[in-house]
Structure formats: C-alpha cells, structure tokens
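S.K.: Here's a sequence, model it:
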Amino acid sequence: MKLGITSDHRGYNLKESLKEKLKKDYDIIDYGCKKTTSADYPDYAFKLGEAIKNKEIDYGIAICGSGIGMSIACNKVKGIRAARVINMEDVIATRNDNDANVICLNENISLEDSYNLIINFITTPFSNIERYIRRINKIKEYEDKHEC
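M.R.: Residues are numbered from 1 along each chain as shown. Okay, the predicted model is just below:
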C-alpha cells in the first residue's frame, strides 16, 4: 500500500516522525513541506490530492496546525474526501460511512495517537451500505457538474 503524507510548517515535525514510523510497513511518498519555516498548506494539500486523483497513492495523510485548513484544501481536489479527525470514532465513521481517502490531523496529536488513528483509517473498510453509496455518488455527480 502506498501512502502519501504532507504538511505545512506547523505539521512538519509530526509528519517527519510519522514518516519514519510508517515506512517500516508502508511505501511512503512525502509531498512536502521540507522545513519548519512558513509554508502555505494549500500548496501541499493540492499535491497530495492530485496524487490520489492520479492513483499514485492509495491514501493521504495531511497535517497542519489544526487539521482544518488541510481538510478544506484537500477537498477542493475532485475525488478527494478528506476528513479532519481527532479520535477513533471519527476515523471509523469517516471510513465506514464516507469512504474518505485523506486523513487530516492537527499538529498537537501525539505521535502514538496519530499513528493509531492512521492505521485504523487505512485498515477500516468502507461499509458499502446503499445509503452511503448514494450519498457519495451525489458528491461525485456534483463534482462532475461543477468542475472548474
């Protein structure tokens, strides 16, 4: 499984630590940023989203100060369903109900907690329940009608 990981300057340290921990079991592609000096999260969120859209990676991990900015920016890429999560209930719900393909984290979640959230995110299957499929298809249809 190929995972993409990205961050802005605030998420950089957690990204680097997670990358080291995850690369033991997964192929990891780092989409930046490469330093702790100011970096604009949309630049990196778009790179990650495009990589999923182009099937270069299976899932994405995006980290910024709150996780919210990355989530907003990732969701601008067609086909991306990014979710900012803070606990295991969020992870299970977003994979089971929404078939999310990007997990967005804030910089203050511990390495161990972040790692556990990510592992559960990538191993929780989509439920394939009809109402969830219908809702995701409505999002896809909207994206198709309103492309820039």
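
S.K.: Give the bridge partners for the residue positioned nearest the centre of the chain, please.
M.R.: The residue lying closest to the centre of the chain (CA atoms, centre = their mean) is V102, at 2.3 Å. Listed beta-bridge partners, V102: G60, A82 (assigned using DSSP bridges).

S.K.: Reduced to three states, what does Y115 come out as?
M.R.: What DSSP: H, G, I helix; E, B strand; the rest coil gives for Y115 is helix.

S.K.: Numbering from 38 from now on, please.
M.R.: Done: numbering now begins at 38, and the last item shifts to Y152.

S.K.: Does it touch L55 like I think?
M.R.: Yes - look at Y152 against L55 with CB atoms under 8 Å: they come within range, at 6.4 Å. Yep, even glycine has a C-beta here, placed from its N, CA and C like the rest.

S.K.: The two: who's more crowded?
M.R.: Counted by other CB atoms under 10 Å, Y152 and L55 do not tie: L55 has more neighbours, with 22 against 15.

S.K.: which residues sit in contact with the more buried one?
M.R.: I42, I98, I100, L148, S151, Y152, I155 (CB atoms under 8 Å, 6 or more residues apart in numbering).

S.K.: What separation do you get for the residue nearest to the centre of the chain and S75?
M.R.: In this structure, V139 and S75 are 23 Å apart, going by CB to CB, to the nearest Å.

S.K.: now N124
M.R.: According to CB to CB, N124 stands 29 Å off from S75.

S.K.: and if you look at I170?
M.R.: According to CB to CB, I170 stands 41 Å off from S75.

S.K.: Show me just the buried residues among the contacts of L55.
M.R.: Using 16 or more other CB atoms under 10 Å as the burial test, the contacts of L55 include I42, I98, I100, S151, I155 as buried.

S.K.: which one among the residues you listed gets closest to K115?
M.R.: Nearest to K115 among these, counting by CB to CB, is I98 at 19.6 Å.

S.K.: hang on, that closest one packs against N138?
M.R.: No - if you go by CB under 8 Å, I98 and N138 don't touch, sitting 10.7 Å apart.

S.K.: what does stretch 146-153 contact?
M.R.: Counting by CB under 8 Å, 6+ apart, the neighbours of stretch 146-153 from elsewhere in the structure are L51, S54, L55, K58, L59, I100, I123, M125, L142, L154.
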